[in-house]
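> pasting the sequence and the predicted model now:
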Amino acid sequence: MSADGSFEYNRWSRLRPARGLVALAVAALVLTSLATPVAAHAYLSDSDPANGERIDAVPDEITLSFSGDGVQVADATVTGPDGADVSGAAEIDADDSQLVRVPIERSADENDAEGLYSVEWEILADDGHTVSGSFVFSVGDEPLDRDTVLEAHEDEGPDEDVSPIAAGAKGLLLIALVGLIGAPITAVVAVYPAVSRVQSSSRSFRTVDRRLGRILATAGAVLFGSVLALGLVRATSIGSLSFETMVQFLATPLGREWLVQVGLTALLGLVLVGGLTGRLPRRGWLAGTAVGAAFVGATVGWTSHSATAIDRLQGAAIDIAHLGGAGLWVGGLVVLALVVPAALREAKPVDRNDLAAGAIRRYSLLALAGVTLAGATGLVLASWHVPSLAALTDSLYGLSLSAKSLLILLALGLGGLTRFVLLSRLAENSGREFSAAATDADTDTDTDTDTATVATFVHAVRFEVAVLVAVLLISGLLTSAPTAAVVSDGAGGSELVTIEREVTDGVALELQAGPTADGATATANETGNSGSSQQLLVRPGDPIVFDVAFASSAAADDTRIDSDGPVRLLATATEGDRTVNVELEETADGTYATVQTLPVEGDWEVRITGSPNDEFVSETYDARVETAETGDAHADHDGGAAGSPLSLLLQFGAVAIAVVGSVAVAVEATRFRERT
Amino acid sequence: MDASIDRRRLVQGLSGSFVVGLAGCLGGDEDEDDPAENGDTDENGSAEDGSAGLAYAFGSETIALIDPSEGEVVDEITDGVDGYTYGDAVLTNDGSYLYVIEDSLSQVLVIDTASREIVAEVAMGPGGTHMYHPNDEEMWAHSDDEGTFYVIDTSSHEVVETVEAGLDGEGHGKLLYHEDFGSTGYATNVNDAAAHVIDMDAYERVDSIELGDEGGTHYKAYSPQTGLAYFERSGGVGTTAVVDTETNEVVDELEFSGGLYLTPDEERLGNIGENEIRLLDATSETTDEIGSVTVEGGPDALEYYEADDTLYGFTANTMTPEAAVIDLDDLSVVDHIDAGSIERPEDAHHLHRSAVSGDGYFFTPADADGTVAVIDMANRELIEHVPVEEGVDTVQYVPESE
């Protein structure tokens, strides 16, 4: 500290904005971390009647309750026992877009109304994704049909199929937006100031203008095309592409949002045209481009997973911030890779080092801010949409995110190489003359150190750009697929769990049960001759198919054996007073099946009896009925990661990145000011 | 049957209207292990010290062991007993195990009388009510929902065979067996107007003796003196078919119905009618009626006791909270003993009250009071209303060593 303390004061005053930035970033991230994470992408969370429910009379309407996103367009078909469509037009509740009502046309003959009803539904969610499914219920004493229940369950849960056209269009849209946001800002903040400092600036200016114009024009065209494609793809979720379909689509909130998107894109196009034709001043059209792209990005964020599932403003803000961060980083990098080399070629050899170093140094500041913003918001998004580490491999979203994360780490490594190794070399040699040929990345004959450094720099930057373009394409897939939280939360587990035991000499009892909540898990108690004891995990109220087959236990012989007496299932709640006692029906494929619900939470004992080869057998199985909330196996899946260890870790990481990144940006900015 | 049911409701239902439907055959049928009815007077073996001289009172949550001499519960079995409802309880011939049908989980409980523990739970078909012990090695438990006997090996406590007795795969049924029949048994079924002939070695129904076109068959009895078997025609027919067991032909039809109980000397058959006990000559080829005695209060569950060269009948009344003692030689009611009340649902048309006897004790549960009445048959007096769990309607006694 100096005697009068002036130095400390200056440093303190210089760092004050940085402190504010840090505080703001941390506060914003903490607030977003407090948001209740729920699953994005609409999925059917409840219905009345419920799946598998038996009711006494045909209801007036079917109610479908969705979680995650709201519903834009709904279609449902209720098929009655005689195969006839008994449903009216599905209506979305005016006050609650997550509620869909399907009126039922009553049968004139009440007897005809009894039986099995299947409900097939399809909705267009707020995020523009189509989700469909089906379930069954029965009226009267009609037992649930095994095949229908299995079929319904296979349809249950989020559909992970993603339209490649939609994902591709979304990826291109993101690439375009990132370029249109980041490139103008980088040009204004990093490139033009660096060019203006060298003697041959006028030629370089023109080169930068020309190159930048081409890049932005291309990005604008890509943006327009991708926006159009996305709208058309979403419209086809209503029906085949036609004028009527488009009119119907435009009548939905999603369609109107798309119209706004198209309008903003068109305005952005006008700005670009004005800039490229010289009718608008450079700073004006560049600023207009960045702002216009940001607005288009806002419309994208407005219908994102986060906005529709977390909170419109909060989710959209984080999404837009993520996009903006990516824009500063990737968009700037594009300029660095495609514009700066051209400017260097036009500059005098003696200025090239200064130009390159100046542009890189300024861009580094932007990139650091962008990486900080994108990294912190990215972790927040992940904390919302990824409930567990397992989800990273169990869903398309998780796999995509894993791949994206790895590529980002690679890009960060390349960025570090550029910033800390190559920039240092350029700074050391600043003021020295180097060959213009070195600016051409295709030339590798010059052995001069500077030439090699610049060539390496250009290669590294272009490779980094390529990696990040791949990241953006994957992001298109990410934003098109249901989040990992949705997949975990709504997963149906359509596979039947199979437990096979030898019950008598030469006879095996094969019990298939399901759909189970999470398959069957081995318990701690292992039984001797029955093989490992397994516990079936099921959800309360869910219709469970129990399918029993007797077969020869000889390895080479899987001949089915008939039961000479009734095959029965007796399920007893260990705690409480509930039992289910039924005779199984023989199926066409020689098994014995029933569909039952185990209505009470807790441990159950399931006993199967039958008489294969006229020999009475009795086998007991353990089952556990638990909700997602109570089930340990599902604790990590709940509510899209609410309070899960991974979620907390990601949120902590987001705050850490925000703090460290903000400090780094502040320090870098201070150094930069001191240097200049 | 889809039976997702509240077990407590089931218990309530069983103690109410359900007992009505089968005219006194559910909730433990004391007559099925009564050697008198089957014409076999020497079925029960001696028990080990563990339970000898004790009566088992089967409650939904507790099985109480009653010492009749003290008139109190001396032990309880609660482990694994949860919301149970019971059918017949039958002691093995050697007295080592007490088998009892537990219908709520379609099973037969095996109680080790020495250790007073449930040692096995044997799965069977649903609707179990009656169980029979035709030989030392087997217990035959009848599943009314399937019309099928489940044959349990008394050594392994496992079902070794099933015998489909009913024609339609369902129906409440009983089994008549006697050493005179050899390996043949006769099965009744309330859905079938026939007595089914069972080959008990081959474990299959080999024939059905047609008894008419309507109704079914319910109670059964056998008179060794005449070789005649009696099958009550249920379902509103109101008669009793008489079958010659030598030829398996119907030889007579008696114009009354109801349970038939052979006296220890095998010379008379007691028939329980409404407010009446009819005595029949079991030595007569025409089953002549000896006489009858009016017993007010709805007699049920006739148990015999001989003293001073007089044969007495003890019956637990359904409509009054008492047991009646009948001099069967004089055909007169000689005593009424307080026995406690049973549940009487308002919509009941028929009521049933079980009773067992042994070693000079008469036991009858009073499920409405939550007691078991223990009566000294020699002195014709109440020893105690032994408090047990409410709803107990099944009792079985393990005799002292003979």
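Yes, it's here.
> residue in the stretch 251-400 of chain B with the shortest distance to chain A?
Going by Cβ to the nearest Cβ, chain A is nearest to B:Gly391 of the stretch 251-400 of chain B, at 13.9 Å. Quick note: C-beta positions are derived from backbone N, CA and C, even for glycine.
> tell me the secondary structure for that residue?
Using DSSP: H, G, I helix; E, B strand; the rest coil, the structure places B:Gly391 in coil.
> now do the helices in the stretch 101-250 of chain A.
Listed in chain order, the helices of the stretch 101-250 of chain A (DSSP state H, counting those that start in this stretch) span A:110-113, A:146-155, A:164-186, A:192-196, A:201-235, A:243-250.
> no wait, the stretch 301-450 of chain A
A:305-309, A:312-326, A:332-338, A:340-346, A:349-385, A:391-394, A:396-416, A:423-428, A:449-480.
> which strands and helices sit next to the third one?
In other words, helix A:332-338. Helix A:332-338 sits against helix A:164-186, helix A:201-235, helix A:349-385, helix A:449-480, with contacts defined as 3 or more Cβ pairs under 8 Å, 6 or more residues apart in numbering or on different chains; DSSP states H and E.
> what does that helix contact?
If you take Cβ atoms under 8 Å, 6 or more residues apart in numbering or on different chains as the criterion, helix A:332-338 is touched by A:179, A:182-183, A:185-187, A:190-191, A:211-212, A:215, A:359-360, A:363, A:366-367, A:370, A:415, A:458, A:461-462, A:464-465, A:468.
> isn't the residue of the stretch 251-400 of chain B closest to chain A right next to B:Gly59, touching?
Yes. Between B:Gly391 and B:Gly59 a contact is recorded at 6.5 Å, counting by Cβ atoms under 8 Å.
> more neighbours: the two, which one.
B:Gly59 (24 against 21; other Cβ atoms under 10 Å in any protein chain shown).
> what's near enough to touch that one?
Counting by Cβ under 8 Å, 6+ apart, B:Gly59 makes contact with B:81, B:84, B:388-392.
> again, only using 6 Å
The contact partners of B:Gly59, by Cβ atoms under 6 Å, 6 or more residues apart in numbering or on different chains, come to B:388-389, B:392.
> show me what from the stretch 101-250 of chain B comes close to chain A.
Residues of the stretch 101-250 of chain B lying close to chain A by Cβ under 6 Å from any Cβ of the partner chain are B:105-106, B:123, B:126, B:159, B:162.
> can you do 7 Å?
Residues of the stretch 101-250 of chain B lying close to chain A by Cβ under 7 Å from any Cβ of the partner chain are B:104-106, B:123, B:125-126, B:146, B:148, B:150, B:159, B:162.
> worst average pLDDT in the helices of the stretch 101-250 of chain A?
Of all these, the minimum mean pLDDT falls on helix A:110-113 (a mean of 62).
> doesn't B:Lys220 make contact with B:Lys174?
Yes. Contact criterion Cβ atoms under 7 Å: B:Lys174 and B:Lys220 qualify, at 5.6 Å.
> format the helices and strands packed on helix A:332-338 as a markdown table; extra columns: mean neighbour count and distance to A:Glu510.
Below are these laid out as a markdown table (neighbours: other Cβ atoms under 10 Å in any protein chain shown; distance: least, Cβ to Cβ, whole Å):
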| stretch | mean neighbour count | distance to A:Glu510 |
| --- | --- | --- |
| helix A:164-186 | 25 | 40 |
| helix A:201-235 | 20 | 45 |
| helix A:349-385 | 24 | 39 |
| helix A:449-480 | 21 | 40 |
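> quick one: which of those is nearest chain B?
That would be helix A:349-385 among those, by Cβ to the nearest Cβ, at 38.7 Å.
> low-confidence ranges in the stretch 301-402 of chain B?
B:347-350, B:401-402 (pLDDT under 70).
> for it, what spans make up the strands?
Along the stretch 301-402 of chain B, counting by DSSP state E, counting those that start in this stretch, strands occupy B:302-307, B:310-316, B:322-327, B:332-338, B:356-358, B:361-366, B:371-376, B:381-387, B:394-398.
> would a markdown table of these with distance to chain A be doable?
Shown next, in a markdown table, are the strands of the stretch 301-402 of chain B (distance: least, Cβ to the nearest Cβ, whole Å):
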| stretch | distance to chain A |
| --- | --- |
| strand B:302-307 | 34 |
| strand B:310-316 | 30 |
| strand B:322-327 | 33 |
| strand B:332-338 | 34 |
| strand B:356-358 | 28 |
| strand B:361-366 | 22 |
| strand B:371-376 | 24 |
| strand B:381-387 | 24 |
| strand B:394-398 | 19 |
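> okay if I get the ones you listed as JSON lines plus mean neighbour count?
Shown next, in JSON lines, are the strands of the stretch 301-402 of chain B (neighbours: other Cβ atoms under 10 Å in any protein chain shown):
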{"stretch": "strand B:302-307", "mean neighbour count": "20"}
{"stretch": "strand B:310-316", "mean neighbour count": "23"}
{"stretch": "strand B:322-327", "mean neighbour count": "22"}
{"stretch": "strand B:332-338", "mean neighbour count": "16"}
{"stretch": "strand B:356-358", "mean neighbour count": "21"}
{"stretch": "strand B:361-366", "mean neighbour count": "27"}
{"stretch": "strand B:371-376", "mean neighbour count": "24"}
{"stretch": "strand B:381-387", "mean neighbour count": "17"}
{"stretch": "strand B:394-398", "mean neighbour count": "26"}
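> what residues does the stretch 401-550 of chain A put near chain B?
Counting by Cβ under 7 Å from any Cβ, no residue of the stretch 401-550 of chain A is near chain B.
> which residue does the stretch 401-550 of chain A have closest to chain B?
Per Cβ to the nearest Cβ, A:Thr504 is where the stretch 401-550 of chain A lies closest to chain B, at 10.7 Å.
> three-state assignment of the closest residue to that residue other than its chain neighbours?
The spatial neighbour of A:Thr504 that comes closest, neighbours along the chain excluded (Cβ to Cβ, 6 or more residues apart in numbering or on different chains), is A:Glu615 at 5.4 Å. Three-state assignment for A:Glu615 (three-state DSSP): coil.
> where does A:Glu615 land on pLDDT?
With respect to pLDDT, A:Glu615 scores 90.
> what of A:Leu21?
Model confidence at A:Leu21, expressed as pLDDT, equals 53.
> so where do the helices sit in chain B?
Along chain B, counting by DSSP state H, helices occupy B:7-13, B:19-21, B:35-38.
> thank you kindly, that will do.
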